[in-house]
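Chemist: I'd like to go over a predicted model; first the sequence, then the structure.
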Amino acid sequence: MNALYSINAIRTIERAALADLPTGTLMQRAGREAAKLAMSLLSSSTQIKKEVLVLAGPGNNGGDALEMAVLLADSGISVSVLLVSNRKKNQPEEARQARQKAVKSAIHWEDALSLQTTFESLKRRNWALVVDGMFGIGLKEALTGNRNKLVRIVNSFQCPILALDVPSGLNADTGNVVGNDSIAVRATHTLTFIADKPGLHTGKGRDHAGEVHVASLDVDKKYFPATDCWLNTPELFGHFLKPRLHDTHKGSYGRIAILGGAEGMGGAPVLAARAALYTGAGLAYAVYLKNPPSYDPVSPEVMFRAAHRFDFSADVTVIGPGLGQSPVAGNYLARTIASGKPAVFDADALNILSENPALQFSFSERNAPSVMTPHPLEAARLLGRDSAFVQSDRLNAGRTLAEQFNAVIVLKGSGTLVCSPDGKTVINPTGNPGLATAGTGDVLSGMTGALMAQGWPAWEAALAAVWLHGKAADVLEKERHGCVGITAGEIAPKARFLLNELIEIR
Ligand SMILES: NC(=O)C1=CN([C@@H]2O[C@H](COP(=O)(O)OP(=O)(O)OC[C@H]3O[C@@H](n4cnc5c(N)ncnc54)[C@H](OP(=O)(O)O)[C@@H]3O)[C@@H](O)[C@H]2O)[C@H](O)CC1
Ligand SMILES: [K+]
């Protein structure tokens, strides 16, 4: 359903399925599905003469592209193919057969020998659609030389770009561009084969893959191994979306305390506490290390306390928003870890933790439900690495932290990950760059804590909070005609609506 599979798993499935099918079956199916999607993209093009450029690589990804090109040409569409590698040796058998078929079709072949002239002519033409069938899951190294130049040209085109299986240059496991600072196709649409892949949805994946479509190629479910990786949907936390009973009171929905608010950062706990109330917590305290305000006129429902009067009796503590890294903050972090109560660890709580091996040890010994919500730099500090390391393989970083700290990890960023200590990974598809603004992390930690305070397990609370937080930003983006200028305080009221809507439709 929303399962995601690694390249290795896809290879295993493909091998098993191919062994039971005549040669070329899956490639022909891939070509047919690609032709269908290409036709539908062309049908919304306003161009009168609809010319399609197909880039076909040396392997089976190129074979898929040629199967598709033949079908388009057969139906009267003007198709030009550029063979990205003319190599005939070691060509996979299916790809060789696809090329033989293509040679006999009405395809126009671009000159692959005088590439510089060809590149110049490609730039001048007004394509209705470009299909990227250069490289799929077989790409091994960065795209260099002429391939790099070609991708640069393709990325400058204004027309729809349809990537087959994976945008060339993107690692389908990690969502990183192969060769780090190299290049990958920026597609508007990706048609991925057999099953969906994690790298299309996290890191750089979302920017490169565009709208992702999955074509299973009718591969029987019996070939699919169990997976531990999914895209986030409300089905994953649906069990806890329950209407409230009349005979309940505020205590039934939990008390949450947000611990932070060092000098100069007093807004962060308020944002988190408000978000907790909007997500249904019965009572929310904003606990300040020093000098709490007496009340917040905008949200007088939030109760303010000084940390020295806080006794960790709340059902859930969220520690981190505006916490700072003072020794006092460190003491409260140690007490939260030792409290034996469910807790969410965010922001400076994570920074303090990353510098303190003794705290890390006591953290890993905790038995109470724990959620950590690092952004890539905080995750990097916890791992003793840099953020480039985290971003180069976000799944690996999230899974490592979950195991190391025995906590649910929410690794924020494009395609936020939720990882559990028992190895499950969920990638969140909601959200947009409007969330890249101050305070949105505080809102997320407040929302997560609020669901835990209402009795949700840490895993489902994190999944729901991340999904609702992103979806709220998507709703705001639609309403405002763009994602620029979304502010953190706007998110929780929208998330409240979405949460109630999910409960209602269940
Ligand atoms: N087999 C089927 O029926 C189906 C396959 N599908 C599609 O197949 C691809 C995977 O195909 P594969 O041939 O394994 O790999 P690719 O086409 O992605 O690319 C491999 C070729 O690319 C060369 N290569 C790799 N990296 C580079 C690079 N940096 N620069 C230049 N060339 C590169 C590689 O050459 P080698 O010499 O290293 O072997 C290969 O020639 C999959 O993505 C699907 O699109 C479908 O699933 C349908 C069924
Ligand atoms: K591709």
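Modeler: Structure's in. What do you need? Numbering: from 1, shown residues only. Ligands and ions are numbered 1, 2, ... in the order given.
Chemist: who in the stretch 51-200 of the chain is up against ligand 2?
Modeler: 132, 163, 164, 168 (C-beta under 5 Å from the ion). Where you see a C-beta, it was placed from the backbone N, CA and C, and this is true even at glycine.
Chemist: Of the residues you listed, which is the most crowded?
Modeler: residue 164 (35 neighbours; other C-beta atoms under 10 Å).
Chemist: I'd guessed it sits against residue 68; true?
Modeler: Yes. Using C-beta atoms under 8 Å, residue 164 is in contact with residue 68, at 7.4 Å.
Chemist: shared neighbours of these two, anything?
Modeler: Counting by C-beta atoms under 8 Å, 6 or more residues apart in numbering, the common neighbours of residue 164 and residue 68 are 30, 34, 131, 133.
Chemist: and ligand 1, which of those residues contact it?
Modeler: Among the shared contacts of residue 164 and residue 68, proximity to ligand 1 is found for residue 30 (C-beta under 6 Å from any ligand atom).
Chemist: Can you select the buried ones among the shared contacts of residue 164 and residue 68 for me in PyMOL?
Modeler: For the buried members of those, the matching PyMOL selection, counting by 16 or more other C-beta atoms under 10 Å, is:
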select buried, resi 30+34+131+133
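Chemist: Pick out the most distant pair among the shared contacts of residue 164 and residue 68.
Modeler: Across the shared contacts of residue 164 and residue 68, no pair lies farther apart than 30 and 131, at 12.0 Å, counting by C-beta to C-beta.
Chemist: shared neighbours of these two, anything?
Modeler: Jointly contacting residue 30 and residue 131 under the rule C-beta under 8 Å, 6+ apart are 68, 164.
Chemist: In a helix, residue 434, correct?
Modeler: Yes. Remark: residue 434 belongs to a helix, assigned using DSSP: H, G, I helix; E, B strand; the rest coil.
Chemist: can you count the residues close to it?
Modeler: When neighbours are counted by other C-beta under 10 Å, residue 434 registers 21.
Chemist: need the helix or strand of this structure with the lowest average pLDDT.
Modeler: One helix or strand of the chain scores below all others by mean pLDDT, DSSP states H and E: helix 115-124, with a mean of 92.
Chemist: Next step: the residues of the stretch 51-200 of the chain next to ligand 2 restricted to strands.
Modeler: Per DSSP state E, strands hold the following members of these: 132, 163, 164.
Chemist: so which of those residues are also by ligand 1?
Modeler: Within these, those near ligand 1 by C-beta under 6 Å from any ligand atom are residue 164.
Chemist: pLDDT added to the ones in strands among the residues of the stretch 51-200 of the chain next to ligand 2, as JSON lines?
Modeler: Shown next, in JSON lines, are those (pLDDT from 0 to 100):
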{"residue": "132", "pLDDT": "98"}
{"residue": "163", "pLDDT": "99"}
{"residue": "164", "pLDDT": "99"}
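Chemist: between the ones in strands among the residues of the stretch 51-200 of the chain next to ligand 2, which is closest to residue 157?
Modeler: Using C-beta to C-beta, these come closest to residue 157 at residue 132, 10.9 Å.
Chemist: Was I right to think the closest one contacts residue 184?
Modeler: No. The criterion here is C-beta under 8 Å, and residue 132 misses it with residue 184 at 9.6 Å.
Chemist: Please enumerate the shared neighbours of the two.
Modeler: Counting by C-beta under 8 Å, 6+ apart, the contacts common to residue 132 and residue 184 are 167, 168.
Chemist: how many other residues sit next to the closest residue in space to residue 397 that isn't next to it in sequence?
Modeler: Leaving out its chain neighbours, the residue that sits closest to residue 397 by C-beta to C-beta, 6 or more residues apart in numbering is residue 390, at 4.3 Å. Using other C-beta under 10 Å, residue 390 has 27 other residues around it.
Chemist: residues touching residue 380, list them.
Modeler: Contacts of residue 380 by C-beta under 8 Å, 6+ apart are 386, 387, 389, 390, 397.
Chemist: Stretch 63-74 vs ligand 1: in contact?
Modeler: Yes. Under the criterion of C-beta under 6 Å from any ligand atom, stretch 63-74 makes contact with ligand 1 via residue 64.
Chemist: Buried ones in that stretch, by neighbour count?
Modeler: In stretch 63-74, counting by 16+ other C-beta under 10 Å, buried: 63, 64, 65, 66, 67, 68, 69, 70, 71, 72, 73.
Chemist: Let's see the pLDDT reported for the last one.
Modeler: Looking at residue 73, its pLDDT is 97.
Chemist: Same question for the first one.
Modeler: The predicted local confidence for residue 63 comes out at a pLDDT of 98.
Chemist: next one: the one 5 residues further on
Modeler: pLDDT recorded at residue 68 is 98.
Chemist: is it fair to say it lies in a helix?
Modeler: Yes. Residue 68 forms part of a helix when assessed by three-state DSSP.
Chemist: Spatially nearest residue to it, not counting backbone neighbours?
Modeler: Nearest non-adjacent residue to residue 68 (C-beta to C-beta, 6+ apart): residue 34, at 3.9 Å.
Chemist: correct me, but the one you found touches residue 66?
Modeler: No. Counting by C-beta under 8 Å, residue 34 stays clear of residue 66, with 10.4 Å between them.
Chemist: Neighbour count says what about the contacts of residue 380? Which are buried?
Modeler: 387, 390, 397.
Chemist: What separation is there between residue 101 and ligand 2?
Modeler: Counting by C-beta to the ion, to the nearest Å, the separation of residue 101 from ligand 2 is 19 Å.
Chemist: err, residue 398, not the other one
Modeler: Using C-beta to the ion, we find residue 398 at a distance of 26 Å from ligand 2.
Chemist: Ok, residue 157 next?
Modeler: 15 Å.
Chemist: how deep is that residue tucked in, by neighbour count?
Modeler: 18.
Chemist: Look up how far residue 185 lies from whichever residue of the stretch 1-150 of the chain sits closest to ligand 2.
Modeler: Among the residues of the stretch 1-150 of the chain, residue 132 lies closest to ligand 2, at 4.5 Å counting by C-beta to the ion. Per C-beta to C-beta, to the nearest Å, residue 132 is found 5 Å from residue 185.
Chemist: Let me know the helix or strand that the residue nearest the centre of the chain is in.
Modeler: With distances taken as C-alpha atoms, centre = their mean, residue 415 lies nearest the centre of the chain, 1.8 Å away. Under DSSP states H and E, no helix or strand contains residue 415.
Chemist: cool, and residue 243?
Modeler: Judged by DSSP H and E, residue 243 forms part of no helix or strand.
Chemist: What score does it have for pLDDT?
Modeler: 97.
Chemist: Does it touch residue 500 like I think?
Modeler: No. Here residue 243 lies out of contact with residue 500, judged by C-beta under 8 Å, at a distance of 9.5 Å.
Chemist: and those two? which has more neighbours close in?
Modeler: residue 500 (13 against 9).
Chemist: Show me which positions of the helix or strand containing that one end up buried.
Modeler: Per DSSP H and E: residue 500 is located in helix 491-505. Across helix 491-505, burial judged by 16+ other C-beta under 10 Å covers 491, 492, 494, 495, 496, 498, 499, 502.
Chemist: and what of stretch 222-240?
Modeler: Buried, per 16+ other C-beta under 10 Å, within stretch 222-240: 223, 224, 227, 229, 230, 231, 232, 233, 234, 236, 237.
Chemist: From the chain's centroid, how far away is that stretch?
Modeler: 15 Å (C-alpha atoms, centre = their mean, to the nearest Å).
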